[in-house]
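Asker: Here you go, sequence then predicted model.
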Amino acid sequence: MAEIWVVLEHRDGLPDEQSGELLSEMVDLAQRQQEPAQVCAIILTTPGAPLPPGASLSKLGIACLYVLEHPLLSHYSTEAYVSALAWFLRQRKPLLVVSGATANGRDYMPRMAARLQLPFAPGCLSIDIQHDALFALRTMYDGRAYIQTRAALRGQSALATLIPGVRGNPVAPGNATMQGQQLSVTTLTPDIDDTQRFERIKQVAVQAPSPEQVELEAAERIVAGGRGVGREGFMNIAAFARLLGAAVGATRVATDRGWVEQVRQIGATGKSVHPRLYIACGISGAAQHTSGMREAQTIIAINPDRTAPIFALADLGLLGDANQVLPLAANLLGHH
């Protein structure tokens, strides 16, 4: 049976919160195949490290879990990940290997594709495999246009990265027919070429970036401000974003006036984002801005103008001044 592999990012034995989204997408893809296919999760870790609970994976319709254990996989390393996955891929030759288009996924997946000379589709909104070809839907021109690509596979494995936050995590298990099956767990020790001993890169520590440094495209949460908050309001936005572990975003007006650097701009002339949570503060909701954040999973709008167009997009609307609402919300978070 053909296999579709999903490489999961994890920390302390818990998979990344967007793993469910990625796995469900691949379960749906497996069901569309003419030939039987099963979805397998892959975890790269060090021997003895805790693993994600198998029940949560089996409920999503995952048939098997491959655990690649090696001392060099205790922390993320480009060469270690590429070597381990390439070693395993040469042995099993799956139909497809996918990961999230995260910082790590964007790092090791293209390098593995180049090393193995395999078809690769980066930064996809959705993918499909039909008639021995990989079809991918991607954005171009900073999200202002879409493109459908086709890559002939010729019997080779396909590689792809999917942009997080497009589909959203499943509310219910995606494959009811497979919920009750037992998850098969296979532990392997990959052959990693450590002749160079990775002396060029050494991990010193892991430190979360400040909200002003988090890349907007990779952020799972964004707190954005517009004309309505004023220059001083961005201090409240940055403080609240730090509490949430979110990135700071802004409208064109805010960046044009120098309240925030231009790289924080979201919209038609800025960046397109796909976060799980988007909090719009003092943003009216003009099309120039909303074109860059429409695909956010959950949108919260804070604005004193009840006629503001942003409320039409919002899942939750708060009528009020964000400069007063955010400090109150911060106090509530601080007590919890």
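Answerer: Structure's in. What do you need? Bear in mind that the values here come from a model prediction, so they are computed numbers and not experimental data. Residues are numbered from 1 along each chain as shown.

Asker: Now do the buried residues in stretch 310-326.
Answerer: By 16 or more other CB atoms under 10 Å, the buried positions in stretch 310-326 come out as Ile310, Phe311, Leu313, Ala314, Gly317, Leu318, Asp321, Ala322, Asn323, Val325, Leu326. C-beta coordinates here come from the backbone N, C-alpha and C atoms, glycine included.

Asker: can you check stretch 243-252 too?
Answerer: Those would be Leu244, Ala246, Ala247, Val248, Gly249, Ala250, Thr251, Arg252, for stretch 243-252 by 16+ other CB under 10 Å.

Asker: same question for it, mean pLDDT?
Answerer: Here stretch 243-252 scores 92 as its mean pLDDT.

Asker: how far does that stretch stretch from start to finish?
Answerer: End-to-end distance for stretch 243-252, by CA to CA, to the nearest Å: 25 Å.

Asker: Could I get the full set of strands for the stretch 51-200 of the chain?
Answerer: 64-69, 96-100, 120-130, 133-140, 145-152, 158-162, 184-188 (DSSP state E, counting those that start in this stretch).

Asker: re earlier: which ones among the buried residues of stretch 243-252 map onto helices?
Answerer: Leu244, Arg252 (DSSP state H).

Asker: Return the closest of the buried residues of stretch 243-252 with respect to Ser157.
Answerer: Of all those, Ser157 sits closest to Ala247, with 34.0 Å by CB to CB.

Asker: I'd assumed Arg221 was in contact with that closest one.
Answerer: Yes. With contact defined as CB atoms under 8 Å, Ala247 and Arg221 form a contacting pair (7.1 Å).

Asker: hey, what's in contact with both of these two?
Answerer: Taking CB atoms under 8 Å, 6 or more residues apart in numbering as the criterion, Ala247 and Arg221 both touch Ala241, Pro275.

Asker: got a markdown table for the strands of the stretch 51-200 of the chain, with mean neighbour count, distance to Ala41 and mean pLDDT too?
Answerer: Shown next, in a markdown table, are the strands of the stretch 51-200 of the chain (neighbours: other CB atoms under 10 Å; distance: least, CB to CB, whole Å; pLDDT from 0 to 100):
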| stretch | mean neighbour count | distance to Ala41 | mean pLDDT |
| --- | --- | --- | --- |
| strand 64-69 | 19 | 5 | 92 |
| strand 96-100 | 25 | 11 | 95 |
| strand 120-130 | 18 | 17 | 93 |
| strand 133-140 | 17 | 20 | 91 |
| strand 145-152 | 12 | 24 | 92 |
| strand 158-162 | 25 | 15 | 95 |
| strand 184-188 | 13 | 10 | 90 |
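
Asker: Which one, of those, ends up nearest to Leu23?
Answerer: strand 96-100 (9.7 Å).

Asker: Listing partners with orientation, what would you give for that closest one?
Answerer: Next to strand 96-100 in the sheet, as set by DSSP bridges, lie strand 2-7 (parallel), strand 158-162 (parallel).

Asker: ok, residues contacting that strand?
Answerer: Here strand 96-100 makes contact (CB under 8 Å, 6+ apart) with 4-7, 9, 16, 18, 22, 26, 29, 85, 89, 105, 108-109, 127, 129, 134, 157-164.

Asker: circling back to that earlier point, of the buried residues of stretch 243-252, closest to Ala113?
Answerer: Nearest to Ala113 among the buried residues of stretch 243-252, with distances taken as CB to CB, is Ala247, at 28.4 Å.

Asker: now the helix or strand hosting Glu25 and strand 158-162, what's the angle there?
Answerer: Element membership of Glu25 [criterion: DSSP states H and E] is helix 19-32. Relative orientation of helix 19-32 versus strand 158-162 (axes from the mean of the first three to the mean of the last three CA atoms, to 10 degrees): 140 degrees.

Asker: and helix 19-32, how far out from the chain's middle?
Answerer: 14 Å (CA atoms, centre = their mean, to the nearest Å).

Asker: Quick one: work out the angle between that helix and strand 120-130.
Answerer: Using the same axes, to 10 degrees: helix 19-32 against strand 120-130 is 40 degrees.

Asker: Just the buried positions in helix 19-32, please.
Answerer: Buried-residue list, helix 19-32, by 16+ other CB under 10 Å: Ser19, Gly20, Glu21, Leu22, Leu23, Ser24, Glu25, Met26, Val27, Asp28, Leu29, Ala30.

Asker: what's the average pLDDT for it?
Answerer: Across helix 19-32, pLDDT averages out at 90.

Asker: remind me which residues of the chain are low pLDDT?
Answerer: By pLDDT under 70, the low-scoring segments of the chain are 12-13, 54-56, 142-143, 167-181, 194-201, 208-213, 334-336.

Asker: how about the strands of the stretch 51-200 of the chain, which one is nearest Ile42?
Answerer: Ranked by CB to CB, the member of the strands of the stretch 51-200 of the chain that lies closest to Ile42 is strand 64-69, at 4.8 Å.

Asker: Following element in sequence after the helix holding Glu25, please.
Answerer: Where DSSP H and E defines the elements, the next helix or strand beyond helix 19-32 is strand 37-45.

Asker: Convert the C-alpha atoms of that next one to PDB, please.
Answerer: Below are the C-alpha coordinates for strand 37-45, written out as PDB (Å, rounded to 0.1, in the frame of the first residue of the first chain):
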ATOM      1  CA  ALA A  37      -3.000   4.800   0.300                       C
ATOM      2  CA  GLN A  38      -2.400   5.300   4.100                       C
ATOM      3  CA  VAL A  39      -1.100   8.300   6.000                       C
ATOM      4  CA  CYS A  40       1.900   7.900   8.300                       C
ATOM      5  CA  ALA A  41       3.200  10.400  10.700                       C
ATOM      6  CA  ILE A  42       7.000  10.800  11.200                       C
ATOM      7  CA  ILE A  43       8.700  12.100  14.300                       C
ATOM      8  CA  LEU A  44      12.400  12.800  14.500                       C
ATOM      9  CA  THR A  45      13.700  12.700  18.000                       C
END
